[in-house]
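Participant: Model the structure of this input:
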Amino acid sequence: MPGRLESFLASRPRVVRVRVDAVRGSAPRERDAAMFVAADAIWGTIGGGQLEYRMIDRARAMLAAGEAAARVDMALGPEIGQCCGGRVELALDLLDGDARADAVARLAAERAARPVVQIHGAGHVGRALAGCLAPLPVRATLIDSRAAELALCDAPVERCETALPEAEIRAAPPGTAFVVLTHDHALDFLLTAEALARGDAAYVGLIGSDTKRRRFERFHAAQDAQGDLSRLTCPIGATGSADKRPEVIAAFVAAEIMTALTTRKTPRPA
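Facilitator: Okay, here's the model as predicted:
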């Protein structure tokens with residue numbers, strides 16, 4: 001099934017790509033961030049605000065005039081009603097066939113390179129977490145042995161029905177985030193130990209309480225298991241809120257995962 005950009009381009013013969021070509025100082029988006037502008041719609045963002053509004057207008061002026069390319073150098077200051085304080089250079093190009101194919105290929109490569117998040121357990125919190133992660137730049141997979149629970153998930157994420165979830169952990173790429181919240185405490189402990197033993201996970205989270213963490217630590221020691229316990233997040237989503245609704249917990253856990261994926265360096269395996 002074509003992704004959103006593919007559908008956007010397929011239904012619009014004339015589109016201008018607006019790409020951030022250079023950034024100096026503070027700016028709302030990084031270099032190579034892009035949006036695609038047609039006469040009736042846009043896809044993507046270069047950060048919003050007056051910068052984006054002005055570039056939409058400039059791109060539509062290109063479409064109206066039949067202009068093939070343009071460059072804009074803009075200071076992000078009070079004169080345009082934006083207070084980032086930096087400066088950006090933007091490249092605007094009317095997409096031909098090759099450029100359209102290149103844009104789709106670049107997006108496909110970016111999607112393939114997104115970090116993986118494995119959600120072990122398709123109960124209430126697991127399904128809510130899948131919903132939170134679905135629109136984020138990750139490849140989320142909901143994993144469970146129970147087909148009925150997986151079927152209750154309506155989020156557009158991958159689903160994996162398996163009796164051997166530990167095999168999914170072993171096969172995951174380096175830098176994967178693992179969240180363990182199954183229906184079975186013993187299985188929780190086994191999967192958490194498996195994720196920690198890899199040594200290269202971006203995030204390992206175990207649902208539960210401080211008491212459950214202490215129980216897991218005793219289990220880990222008794223099994224002489226490998227892995228750095230300091231890298232375990234348990235309880236997950238512990239921000240001080242007493243709200244236990246699955247959707248609220250999932251929102252806090254999604255924030256933890258994205259923080260780990262975007263700010264921490266993934267250790268190499270021992």
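
Participant: now the helices for the chain?
Facilitator: Here the chain has its helices, by DSSP state H, at 4-10, 49-65, 97-112, 124-133, 147-151, 165-171, 185-198, 210-222, 246-263.

Participant: Which among the ones you listed is found nearest to Ser26?
Facilitator: Nearest of the helices of the chain to Ser26, taken as C-beta to C-beta: helix 49-65 at 12.0 Å. C-beta: built from backbone N, CA, C; applies to glycine.

Participant: May I have that closest one exported as CSV, CA atoms only?
Facilitator: Extracted in CSV, the C-alpha atoms of helix 49-65 (Å, rounded to 0.1, in the frame of the first residue of the first chain):
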residue,chain,number,x,y,z
GLY,A,49,5.2,29.5,11.7
GLN,A,50,5.8,32.4,9.4
LEU,A,51,8.8,30.6,7.7
GLU,A,52,6.5,27.8,6.5
TYR,A,53,3.6,30.1,5.6
ARG,A,54,5.9,32.2,3.4
MET,A,55,7.5,29.2,1.7
ILE,A,56,4.0,27.8,0.9
ASP,A,57,3.2,31.1,-0.7
ARG,A,58,6.5,31.2,-2.6
ALA,A,59,6.0,27.6,-3.8
ARG,A,60,2.5,28.4,-5.1
ALA,A,61,3.8,31.5,-6.8
MET,A,62,6.3,29.2,-8.6
LEU,A,63,3.4,26.9,-9.7
ALA,A,64,1.4,29.8,-11.0
ALA,A,65,4.3,31.3,-12.9
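
Participant: Show me what that helix is packed against.
Facilitator: Helix 49-65 is packed against strand 16-24, strand 34-37, strand 69-75, strand 87-94, with contacts defined by 3 or more C-beta pairs under 8 Å, 6 or more residues apart in numbering; DSSP states H and E.

Participant: and those strands, which is most packed in?
Facilitator: With neighbours defined as mean count of other C-beta atoms under 10 Å, the helices and strands packed on helix 49-65 peak in mean count at strand 34-37, which reaches a mean of 22.

Participant: Mean confidence (pLDDT) on it, please.
Facilitator: The predicted model assigns strand 34-37 a mean pLDDT of 96.

Participant: picking that back up, point out the most buried one among the helices of the chain.
Facilitator: Of all those, helix 124-133 has the most neighbours on average by mean count of other C-beta under 10 Å, namely a mean of 24.

Participant: now for that helix, which elements pack on it?
Facilitator: Using 3+ C-beta pairs under 8 Å, 6+ apart: helix 124-133 touches strand 116-120, strand 139-144, helix 246-263.

Participant: Tell me which residues of the shortest one come out buried.
Facilitator: What it means is strand 116-120. 116-120 (16 or more other C-beta atoms under 10 Å).

Participant: What is the burial count for the nearest residue to Ile249 once chain neighbours are set aside?
Facilitator: Closest residue to Ile249 apart from its sequence neighbours, by C-beta to C-beta, 6 or more residues apart in numbering: Gly237 at 4.7 Å. Neighbourhood size, Gly237 [other C-beta atoms under 10 Å]: 23.
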